[in-house]
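Engineer: Everything below, folded, please.
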Amino acid sequence: MRILTWHVHGNYLYYLSQVPHDWWLVTDAQRSPGHSGRVGNLPWGPNVHEVPAERVRETPFDVVLFQSRAAWDDEQHRILSPAQRRGPRIYLEHDPPQAHPTDTRHWMDDPQVMLVHCTPFNALMWDSGAVPVRVIEHGVRLLQPARYRGDVASGLVVVNNLDRRGRRLGADIYRAVAGQVPLELVGMGSERCGGHGEVPNHLLPERMAAHRFFFNPIRYTSLGLAVIEAMMVGTPVVALATTELAGVLRDGANGIVDTRVDRLVDAMRMLLANPTLARAIGEAGRRTARERFHIDRFVADWDAALHEVTH
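Structural biologist: Model (predicted):
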């Protein structure tokens, strides 16, 4: 199939491109957000192409995959042909509702369009009305092979622009915990918080493998790909027991989760003092990730959804 979409979340788009179809990314002259195409250090395959926005309406596509409200509310009316706006369409929602956690109606309300959520939690919280909903959970394939070592006695935190994203992403929690246990923060803009800056995608698995544990301070978001990638490596995850993570990690078994930050700090100290325990928890998390978030399952789920909307 020929699928038109936008570059919204790089890592997710890379994993999506493992689905064996041709993916066409909308671009503009400015390479503005959502229109950046094949950028970055991700190893885009030959099935990932670019199409300038002004040429979209004259280019044939089998499916249009929306990934943002801007593309749905505004851009489609400017760049798609009437036939493309009536053809097979999917809206991929990456996040849980932010205006209100339970009473937010999703803006994509066309019952002729499939709404795909990334986690069961997100699907539960959104009011999707009469729109057909499908959950396709994440699938991850590490860009470089890495296995847990845990020889660096600190935790790794991966959040982009943490200082600008406030309490929802756990900026206050990160600061409080960093004052009590050693943490290394990486991600775009992390230098502003005393972190080490952005780590290239292909180098991140090895960075995860080196640290004793991975800490996710985020209160409310979708299930972060970095968390799953850390689990795939075998690095034990310490996180708030919120959103989908509460259904992925079992406290003390395949990760450490709690809503009490002081309890998480105690657990981090325990992992720093007991590398054997850290390895055992991380290995259990790795088994969970391989069973639930294997890239082959993800590819099969997306392939099925694409065939469903085109038949």
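Engineer: So the residue nearest to V177 when sequence neighbours are not counted, which state does it fall into?
Structural biologist: Distances taken as C-beta to C-beta, 6 or more residues apart in numbering put V265 closest to V177, at 5.9 Å, once the chain neighbours are dropped. Placement of C-beta: from N, CA and C, glycine included. Of the three states, V265 takes helix under DSSP: H, G, I helix; E, B strand; the rest coil.
Engineer: right, and V265 touches G179 too?
Structural biologist: No: judged on C-beta atoms under 8 Å, V265 makes no contact with G179 at a distance of 9.8 Å.
Engineer: Any stretches of the stretch 151-300 of the chain with poor pLDDT?
Structural biologist: Applying pLDDT under 70 to the stretch 151-300 of the chain flags no residue at all.
Engineer: Strands of that one, start to end?
Structural biologist: 152-158, 183-186, 211-216, 237-240, 256-258 (DSSP state E, counting those that start in this stretch).
Engineer: Ok, the stretch 1-150 of the chain next?
Structural biologist: Taking DSSP E, counting those that start in this stretch, the strands of the stretch 1-150 of the chain run over residues 2-5, 22-27, 48-52, 63-66, 89-93, 114-117, 133-135.
Engineer: which strands and helices sit next to the fifth one?
Structural biologist: Just to be clear, that refers to strand 89-93. In terms of contacts (3 or more C-beta pairs under 8 Å, 6 or more residues apart in numbering; DSSP states H and E), strand 89-93 is packed against strand 63-66, strand 114-117, helix 295-310.
Engineer: ok, 10 Å please
Structural biologist: strand 2-5, strand 63-66, strand 114-117, helix 295-310 (3 or more C-beta pairs under 10 Å, 6 or more residues apart in numbering; DSSP states H and E).
Engineer: burial count for R212?
Structural biologist: Per other C-beta atoms under 10 Å, the neighbour tally for R212 reads 27.
Engineer: quick one: which of V265 and G179 has more around it?
Structural biologist: V265 (17 against 9).
Engineer: how much space between that one and A305?
Structural biologist: 41 Å (C-beta to C-beta, to the nearest Å).
Engineer: And G166, by the same measure?
Structural biologist: In terms of C-beta to C-beta, G166 sits 34 Å off from A305.
Engineer: which one of the two has more residues nearby?
Structural biologist: Comparing G166 with A305 by other C-beta under 10 Å, the one with more neighbours is A305, at 19 against 11.
Engineer: which residues sit in contact with that one?
Structural biologist: Residues in contact with A305 (C-beta atoms under 10 Å, 6 or more residues apart in numbering) are 19, 63, 65, 90, 92, 114, 116, 134, 136.
Engineer: all helices of the protein, in order?
Structural biologist: 10-16, 69-70, 76-79, 82-86, 120-125, 162-165, 171-178, 204-210, 225-233, 245-248, 261-273, 275-292, 295-310 (DSSP state H).
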